[in-house]
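> Sequence first, then the predicted structure:
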Amino acid sequence: MRRSPNLPMPRPAGFRPRFPFFLMSSVDVRADQRAPTLPHWRGLLEAYREWLPVTDATPVVTLHEGNTPLLPAPRLAERLGLQARVWLKLEGVNPTGSFKDRGMTLAMSKAVEEGKRAVICASTGNTSASAAAYARRAGLPCVVVVPEGNIALGKLAQAIAHQATVLAVQGNFDAALAVVRQIHERHPIELVNSLNPYRIEGQKTGAFEICDQLGRAPTHHFIPVGNAGNITAYWKGYREYAEAGRIEALPKMLGFQAAGAAPIVLGRPVPNPETFATAIRIGNPVSWRGAEAARDESGGLIEAVTDDEIADAYRRLAAEEGVFCEPASAAAVAGLLKKGREGWLAEEARRLGRLEIVAVLTGHGLKDPTSAIKRSPSPIVVPPAIDALMEHIRL
Ligand code: F0G
């Protein structure tokens, strides 16, 4: 080990050097001894300040969200069998485990700036987890309204842990949102659903990050669609980067709804949406028009994937790529595999050459442990004896 004689050495008590170490080297290597200095990420409001409606007067409420990995998915790319690179944008790495933190940091900062005294949201779970955490950070009370029995356990745990007032309505997400909007209209409580324009503004930074990470825009952007705020936000982000000359081309936006909750695909609201991907169990999305604009302006599409296709993508991501996302997130990859199977992507590759595909994995798998466990074999119970264990270990 090279070490400068000038640096104090950590020594155990009673240590006596048996060798004059200071004679070993005359080179000052102190620089080698320093810990590497990592750039300090301070959240997306700081990183993308000039693109967002913040001023010096905006108190930044942050959990240092954003800067999430863009991870290559080589096995998925191989499965497509095309000239394609596939990237997963791991939004589950955000502080509360989903992309909602991008919009929440801005919505909560503006709520504080505007002197709001409390916040409220309706949610299939992730918005409520994020709102509850950021409200704690801001010191505001938070009310979350969720569909009874249809919120994943991890998300509920988060809202409770952050001391939100959790109200479970006897109805679905659409009913919860309708009543929350009425409360917002009549009472001085800020709405932090994606009806709040600051949510969309914050979420558009996902597109900025993808372009900054790739050095260009992807050719195809796969994304799950529920209330349709995120596809709207990503498209806004890509367009703004293109208008500013940061990227030369725009991606096609490819949105996927669960087949039992696919109002945009059907062209009409779905009164009783059903899917095991509870995050996108939504029958009448607020940003419906925004999603259609993203689809049409980008030359993309919005289609449905079945629960079986979602479950298959969910399993594959965990088993083949080592990435555990929640079921709704897997809808994007289910869509990718579907467009691969149909030959649609091969056609795109013929036209464009090499494809640069991004799928947004919107939330972490730990959000919904019930879905993970329900779809897998139970642990094998064995006595604590070597032979008993070895019976089940294949080497
Ligand atoms: N993926 C996850 C994990 C989500 O939580 C959501 C939405 C979506 C995808 C769809 O995004 O609504 O912008 O189209 N979750 C909302 C919530 C509805 O209340 O947490 P979207």
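Cool, the structure landed. Numbers count the residues shown, from 1 in each chain.

> I'd like the average pLDDT over stretch 372-389.
The predicted model assigns stretch 372-389 a mean pLDDT of 94.

> tell me how far that stretch is from the chain's mean position?
Mean-position distance between stretch 372-389 and its chain equals 32 Å (Cα atoms, centre = their mean, to the nearest Å).

> Skipping its backbone neighbours, what lies nearest Val358 in space?
Pro218 (4.2 Å; Cβ to Cβ, 6 or more residues apart in numbering). In short, each C-beta sits where N, CA and C put it, glycine included.

> quick check, that neighbour in a strand?
No. Read with DSSP: H, G, I helix; E, B strand; the rest coil, Pro218 is coil and lies in no strand.

> number of nearby residues for it?
By other Cβ atoms under 10 Å, the residues close to Pro218 number 26.

> so what does whatever helix or strand Glu297 lives in touch, helix or strand wise?
Using DSSP states H and E, Glu297 sits in helix 288-298. Judged by 3 or more Cβ pairs under 8 Å, 6 or more residues apart in numbering; DSSP states H and E, the packing partners of helix 288-298 are helix 229-243, strand 252-258, helix 263-266, strand 301-305.

> could those go into a markdown table alongside mean neighbour count and distance to Glu320?
Listed next are those as a markdown table, based on neighbours: other Cβ atoms under 10 Å; distance: least, Cβ to Cβ, whole Å:
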| stretch | mean neighbour count | distance to Glu320 |
| --- | --- | --- |
| helix 229-243 | 23 | 25 |
| strand 252-258 | 27 | 19 |
| helix 263-266 | 19 | 28 |
| strand 301-305 | 21 | 18 |
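
> so which of those comes closest to the ligand?
Smallest distance to the ligand across the helices and strands packed on helix 288-298 (Cβ to the nearest ligand atom): 3.4 Å, for helix 229-243.

> Report the inter-axis angle for the closest one versus helix 288-298.
Orientation check (axes from the mean of the first three to the mean of the last three Cα atoms, to 10 degrees): helix 229-243 against helix 288-298 gives 40 degrees.

> Which residues are in contact with the closest residue to Ala233 other than its chain neighbours?
Nearest residue to Ala233, sequence neighbours excluded (Cβ to Cβ, 6+ apart): Gln203, at 3.5 Å. Going by Cβ atoms under 8 Å, 6 or more residues apart in numbering, Gln203 touches 99, 102-103, 194, 229-230, 233-234, 237.

> Keep those, but drop any that are not near the ligand.
When the contacts of Gln203 are filtered against the ligand using Cβ under 6 Å from any ligand atom, the residues retained are 194, 229-230.

> and which of these is nearest to Gly267?
Gly267 lies nearest to Gly229 out of the ones next to the ligand among the contacts of Gln203, by Cβ to Cβ, at 19.5 Å.

> quick one: contacts for that closest one?
103, 194, 199-200, 203, 286-287, 290 are the contacts of Gly229 under Cβ under 8 Å, 6+ apart.
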